[in-house]
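Visitor: I would like the atomic coordinates for the input below:
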Amino acid sequence: MQRLLRARTDFQRTHERNLLTSLLLYENLTTTKTSAKLLVSRANQFMNRVKSADLSAKRFAAQELLDRAASRKVFEEILPRYQENETTYCRLVPAAPRRGDNAPQAMVVLTKTLANKNDKK
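Guide: Alright, predicted model coming up:
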């Protein structure tokens, strides 16, 4: 599935980086279903690569994310939640179609965030 968004490569890469940064900052994100599918695979690959939390992982995160606060949050808050061997860090949850153009939407949520909210109930 090459070029899911049918955009230029540079725009597509920046769009993916922006979505990933927003997901890590806010821990959930609602977007179109096509972008959400792309984001889930990209976020899982990103988290697997920075899981070691060594210097090269921090450099990769700083290069990939568009905000320093997101990079800091990954290593200080998000990665400690996933100490055991995890392979899936985020999941896709269907959402209601967008008002206006009726585009199918989905919510991308970090799995530990969803589990923590369900435990409190």
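
Visitor: in this protein, which segments are predicted with low confidence?
Guide: 1-7, 85, 113-121 (pLDDT under 70).

Visitor: how about the residue in it sticking out farthest from the centre, phi and psi?
Guide: In the chain, the residue that sits farthest from the middle, by Cα atoms, centre = their mean, is Gly100; the gap is 25.5 Å. Main-chain torsions, Gly100, degrees, to the nearest 10: phi 110, psi -70.

Visitor: and for Leu110?
Guide: Dihedral angles (degrees, to the nearest 10) for Leu110: phi -70, psi 140.

Visitor: any idea what it is bridged to?
Guide: Going by DSSP bridges, Leu110 is paired in beta bridges with Cys90.

Visitor: ok so, going back, gap between the residue farthest from the centre of the chain and Leu39?
Guide: Look at Gly100 and Leu39: by Cβ to Cβ, to the nearest Å, they are 21 Å apart. For glycine as for every other residue, the C-beta is placed from the backbone atoms N, C-alpha and C.

Visitor: cool, Asp101 as well?
Guide: Counting by Cβ to Cβ, the separation of Asp101 from Leu39 is 20 Å.
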